[in-house]
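Q: got a predicted model here, sequence first, then my questions.
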Amino acid sequence: MKTPSDVGDIVASRIFDREDGKVSLSFHKPGPYPDPELDADPDDPPWRCFYTIAFPDGETKRSYSVGIDSIQALLLAFAGAMQALQYVGDGTPTRRPPLQWLGEDDLGLSIRHFE
C-alpha cells in the first residue's frame, strides 16, 4: 500500500465521535490509475481514490476504490469508508463500536435522493 505522502492531497475530511475517542476520516484527491492489462482505452484509464481512517486505539486503515472516472472513484471510496467505519473487515461480521456525527447516528456520508 502506498505511504501517506503518495496517496494524494486530502480533499475532504470529517471527525466522528466514538465512546473511546475521535475517529478521523480523510479522502484523498482521486488520480488516474492506469493498468495496461485492464484498460480498454489506455488514453482514458480508470481512476483511484484513497481514503484513510484513524481510530482512537491507534489503528489506521487506508484503502482505495477504483472507478471509471474521478467522481465514481470518490463515490465508491465513500461507500468503502462507510463499510470500514462499521465493520472490522477481518473476514468476520464483527462490528466496530458505533460512531456519531453532530450527535446523530447518521454519519452524513450518503445523500438521499429527492424527487
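A: All right, it came through fine.

Q: for the helix or strand hosting S13, which positions count as buried?
A: If you go by DSSP states H and E, S13 is part of strand 10-18. By neighbour count on 16 or more other CB atoms under 10 Å, the buried set for strand 10-18 is 16, 18. (Glycine included, C-beta is placed from N, CA and C.)

Q: do stretch 69-79 as well
A: For stretch 69-79, by 16+ other CB under 10 Å, it's 70, 72-74, 76-78.

Q: the strand holding S13: partners in the sheet, and parallel or antiparallel?
A: strand 21-28 (antiparallel), strand 99-100 (antiparallel) (DSSP bridges).

Q: now distance to D90 and mean neighbour count too, for the ones you listed, in CSV please.
A: What follows is these, written out as CSV (distance: least, CB to CB, whole Å; neighbours: other CB atoms under 10 Å):
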stretch, distance to D90, mean neighbour count
strand 21-28, 18, 18
strand 99-100, 18, 15
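
Q: check those strands for me: which has the lowest mean pLDDT.
A: Mean pLDDT is lowest for strand 99-100 out of those, coming in at a mean of 94.
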